[in-house]
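> Got a sequence here, can you build the structure:
(one chain, ligands or ions: 1)
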Amino acid sequence: MLATMKLIRLRWSIFLVVIGLVGCRPEQTSSTVAGEPALAAPSAPVVKSTETTTNVVKSEAEWRRQLTPEQYHVLREAGTERAFGRAYEEFRAQGVGTYACAGCGALLFSSQEKFDSHCGWPSFYDPANASNVVTHVDTTLGMTRIEVRCARCGGHLGHVFKGEGFPTPTDQRFCINAVALKFIPATNAVPTVKP
Ligand SMILES: [Zn+2]
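Numbering: from 1, shown residues only. So this is what the prediction gives:
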């Protein structure tokens, strides 16, 4: 039943994306980014986990103890970090590896799908393990956007936009808060969550 609901939500998300919903308008124009190459291709393989998703459920008090105030605001209150913040600058400097959920450790993205969209937040063109990322329609702030959440702990990650003209294989931009991610370098790129 849960899987069916998730499938329905996924289909709705795909449908809404296909009919052309866009949002998250950082101060940029397509002309400034369309010709930008993706970041250098990684030279080492990145772990693609086949982990199964087991929901993580914690009380708000537990989340507050575990997370920094900024992480709590993003992951648990669907907040958005400041563009071009310190965590984003750290993200930009990171090399080959994987990105796990800062809340529960589920593998979400990899550096292979990372690209520079110049929007001030981490950008990926595809999840590394799609089963750990769920999307649904977000109509807050007077906009209709597709929200991205961690499938395992429900933490808010960011939004996904499609059809913006980026030179990536999917032309999708997963616009993710840097503080919601935990980087695992490729040298020991083992997800914190084992199958
Ligand atoms: Zn999570």
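> I'd say residue 76 and residue 157 touch.
No - counting by Cβ atoms under 8 Å, residue 157 is not a contact partner of residue 76; they are 11.8 Å apart. Every residue, glycine included, has its C-beta placed from N, CA and C.
> any idea how far residue 158 lies from the ion?
The gap separating residue 158 from the ion is 13 Å, by Cβ to the ion, to the nearest Å.
> Residue 92 now?
To the ion, residue 92 is 22 Å away according to Cβ to the ion.
> How much space separates that residue from residue 110?
Residue 92 sits 16 Å away from residue 110, going by Cβ to Cβ, to the nearest Å.
> so where's this protein uncertain?
Counting by pLDDT under 70, the chain shows low-confidence ranges at 1-54, 188-195.
> what does it put close to the ion?
Within the chain, the positions adjacent to the ion are 101, 103, 104, 106, 150, 152, 153, 155 by Cβ under 5 Å from the ion.
> what's around the fourth one, how many residues?
When counting by other Cβ atoms under 10 Å, one arrives at 25 neighbours for residue 106.
> Check residue 67 too.
For residue 67, the count of nearby residues is 20 (other Cβ under 10 Å).
> Which residues lie in contact with it in this structure?
Counting by Cβ atoms under 8 Å, 6 or more residues apart in numbering, residue 67 makes contact with 75, 76, 102, 103.
> Which one's more surrounded, residue 92 and residue 110?
Applying other Cβ under 10 Å to residue 92 and residue 110 shows that residue 110 carries more neighbours, namely 25 against 13.
> From what I see, that one and residue 95 are in contact.
No - using Cβ under 8 Å, residue 110 makes no contact with residue 95, being 11.5 Å away.
> one step back: export the residues of the chain next to the ion to JSON lines and tack on secondary structure?
As requested, the residues of the chain next to the ion are arranged in JSON lines below (DSSP: H, G, I helix; E, B strand; the rest coil):
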{"residue": "101", "secondary structure": "strand"}
{"residue": "103", "secondary structure": "coil"}
{"residue": "104", "secondary structure": "coil"}
{"residue": "106", "secondary structure": "coil"}
{"residue": "150", "secondary structure": "strand"}
{"residue": "152", "secondary structure": "coil"}
{"residue": "153", "secondary structure": "coil"}
{"residue": "155", "secondary structure": "coil"}
